[in-house]
Every structure is written in structure tokens, then in C-alpha cells.
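Undergrad: I need the structure of the sequence given here:
(chains A and B)
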Amino acid sequence: MIFGDWSLKYLIRKGDGGKKRYSILVYFISDNFCKQRKGVRKMPGYGKEDAAKDTDTMKKNKTLKNPICAVLWQDASYTFEKIMPLKTPLPRLTVGFIVSTNKYFTHIATNIEYDEMKEIIYPIDGFLIPEKTIIKFKKIGYFKNNEK
Amino acid sequence: MRSKIKIMWNDAVLLSPDAKTKKLSKMETIGFLAAESSDFFIISKPKTVNIETKKKHPKKQPTFYFIPKEMAERVEII
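TA: Residues are numbered from 1 along each chain as shown, chains lettered A, B, ... in the order given. Sure thing, here's the model as predicted:
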């Protein structure tokens, strides 16, 4: 819900002395206090760090595989509509090669020069995605089907 | 009464071959807190500038700005 995303919590307390009286306390707590900031999430299995290690942009290692990866993340957004939209912006899905990753951002190359013979990529255009906004990371596969 | 706030936040960057450094854009948005969801600050009448380049983003002022809470670095009531 967009207009103050409130969580409704109920507390039911029993009255004293067997009077069978119940009081219900209803209070609102802002989601700010209910939820912890997500922060940098550790994801099990094949992660961004692994993908960055497997991506060869410098001809350093012939065994590197250059995995194609997808990153689901939440970007900022704006609107020129006069009335406030009832829905918040949807996450972005960006697909490419993970060039590098650190605690601040993940660099994903979406447009590359690709040397098919040597299996090396040269990043041209891409995104720096703030690390805290990343919701999900997934390795999709490889450009060449013979690698797993 | 809606409170006027200032949010410092890190924006994603579209990297081009001309980019000299790899770092996130530091942005500053000033406006009225219209609503707050679990994931977003929703700012009305926002004025957003890139702190380093001092350029407005976008050039034309939008009516509402949605800033993910994960991007926010500092929030001040002004």
C-alpha cells in the first residue's frame, strides 16, 4: 500500500481476576521500524563474486567461461502525473556479464565486444547497480552451449 | 502537515566507454514527503541534483520521485 505502508498489530490481553474481560490494543507501527534495512544480502550458490571471477576481460586466463547473468534490482523513478500513482515502480531486470563487484556496486556489462574465437569479452556499455538495491542474482548460462 | 525533507542517495549509473571513473552518482533530492512505503520514499515537488555535476535530474521537474530506501544514505527534515 502506498499511502503510509502501515502494519496493523493486535495485542490481546486478558483481564484480571477472572472477570473474563479482554482488552484489545491496536497500534500502528511504521514499516520503518518493523523491517530491517536489507543491506548487502549474501546469496547461496553461484554468486556475483563467482561470476566476476569467471568473466574474462583481460585475456588473463583461457579457462574463464564468461557466464551470462541476470540481476533483479530496484531503481529510483519519477513521474510527471499530477496524481500520485497507486503503485510503486517495478524492479528492473538487467542481463549481461558481471565485470566486477564490491560492497558498493556491481558492474554489469550489457553491450560488449565479443571475441568468439578466444572467448573474451570487452565491456562497452553497462550499469553500475547499487549493491543494496539488488533483489536477486542469477546465472543464466553461457553463450556457447558446450559449457556448463 | 507534510514535512520537507532532504535525501542524499546513491543513484545507479549507466556506464559508457567515455566513463573515466567507476562510481555511483551522489544525488540530493529536496521535496515534501508525500508517502512512505516499506521500500520507497515518495517525494512530491522534488528537486533533484547530482551533487558532483550540479545538474538537475531530470531537467524538467517531475511531480513525484520514488527513491528506494536502500539507495538513501541520509535523510534530513528541513
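
Undergrad: Of all the residues in the lengthiest helix in chain A, which ones are buried?
TA: Longest among the helix segments of chain A by residue count, using DSSP state H, is helix A:48-54. Buried positions in helix A:48-54, judged by neighbour count with 16 or more other C-beta atoms under 10 Å in any protein chain shown: A:48, A:50-54. Every C-beta, even on glycine, is put in place using the N, C-alpha and C of the backbone.

Undergrad: what are the ranges of the helices in chain A?
TA: Assigned helices in chain A, in chain order: A:31-34, A:48-54 (criterion: DSSP H).

Undergrad: If you average the pLDDT over the shortest one, what comes out?
TA: This points to helix A:31-34. Mean per-residue pLDDT for helix A:31-34: 38.

Undergrad: same check, this time on stretch A:102-117
TA: Taken as a whole, stretch A:102-117 has a mean pLDDT of 91.

Undergrad: can you tell if it touches chain B?
TA: Yes. Residues of stretch A:102-117 contacting chain B under C-beta under 8 Å from any C-beta of the partner chain: A:104-105, A:107.

Undergrad: between those, which is nearest B:P62?
TA: Distance to B:P62, by C-beta to C-beta, is smallest for A:F105 among the residues of stretch A:102-117 next to chain B, at 24.5 Å.

Undergrad: show me the contacts for that closest one.
TA: Going by C-beta atoms under 8 Å, 6 or more residues apart in numbering or on different chains, A:F105 touches A:128-131, B:12-13, B:22-24.

Undergrad: Ok, B:R2 next?
TA: By C-beta under 8 Å, 6+ apart, the residues touching B:R2 are B:32-34, B:44.

Undergrad: One more: B:A19?
TA: By C-beta under 8 Å, 6+ apart, the contact set of B:A19 is B:V13.

Undergrad: Does it lie in a helix or a strand, and which?
TA: Assigned by DSSP states H and E, B:A19 belongs to neither a helix nor a strand.
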